[in-house]
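> sequence and predicted structure below; questions after.
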Amino acid sequence: MSILDLAPVVPVVVIDDVDTAVPLARALVAGGLPAIEVTLRTPCALAAIARIAAEVPGAVVGAGTVRTPGDVAASAEAGARFLVSPGATPALLDAMAGSGVPYLPGAATASEVMALAERGLTELKFFPAVPAGGVPYLKALGGPLPEVRFCPTGGIRRETAPDFLALPNVGCVGGTWLTPPDALASGDYGRIEKLAAEAAALRG
Ligand SMILES: O=C(O)C(=O)C[C@H](O)[C@H](O)COP(=O)(O)O
């Protein structure tokens, strides 16, 4: 099954304390969001991926902010089940393809999308979704490039997610709104589960 079809929303999470990884992932899964993107932006991100992969049944944990072939190897070794990158370079794409792990490379323009489609890649991250042009921009890309499906990410919130999800070329959306930093800091996993359940219900 495609990453884009696991759930309407992929929570993008930044984990500063590895001990929060498992309860956080459990809350997201309990709320109905199995695909979780842990960004490689913090020193404990790989350890967090490994912990979630080992300890949270039902979670499909992936690595985000994958920028180099080294990131690809480290993520796969930690147990990431998908890889997400903000953009794409030939070296990164070769490493991703060679890893055997499903991946969503980032693109933001028609030329970038076409270059990836030329390589047979038709499921992409659209980043940064809102600053790049949002819903009208994605709708316009769908005209000439209808076979490409996206996970738009960047600037999307609970209130705007449905507009993206209504587009035929959007499989799911990514966002950080499900894990507010204050909820994480105070260990309020009940609130995170509630936000996840709300997001899971965005598309029936
Ligand atoms: O680093 C990456 O590769 C990313 O995935 C960046 C994320 O797309 C944004 O950080 C989303 O953040 P929000 O705009 O708060 O939803």
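The structure has been received and is ready for your questions.

> SS state for the residue of the chain positioned farthest from its centre?
Farthest-out residue of the chain from its mean C-alpha position, per C-alpha atoms, centre = their mean: P144, at 24.7 Å. Under DSSP: H, G, I helix; E, B strand; the rest coil, P144 falls in the coil class.

> go ahead and confirm it touches S111.
No - in terms of C-beta atoms under 8 Å, P144 does not count as a neighbour of S111; the distance is 11.5 Å. All C-beta atoms are positioned from the backbone trio N, CA, C, and that covers glycine.

> just give the nearest non-adjacent residue to L28, would you?
A196 (4.8 Å; C-beta to C-beta, 6 or more residues apart in numbering).

> what about the strand or helix carrying the one you found, near the ligand?
Here A196 sits within helix 189-200, counting by DSSP states H and E. No - between helix 189-200 and the ligand, judged by C-beta under 6 Å from any ligand atom, nothing touches; the nearest distance is 11.9 Å.

> so how far is that helix from its chain's centroid?
Its chain's C-alpha centre and that of helix 189-200 lie 17 Å apart, by C-alpha atoms, centre = their mean, to the nearest Å.

> so for it, what gets flagged as buried?
189, 191-200 (16 or more other C-beta atoms under 10 Å).
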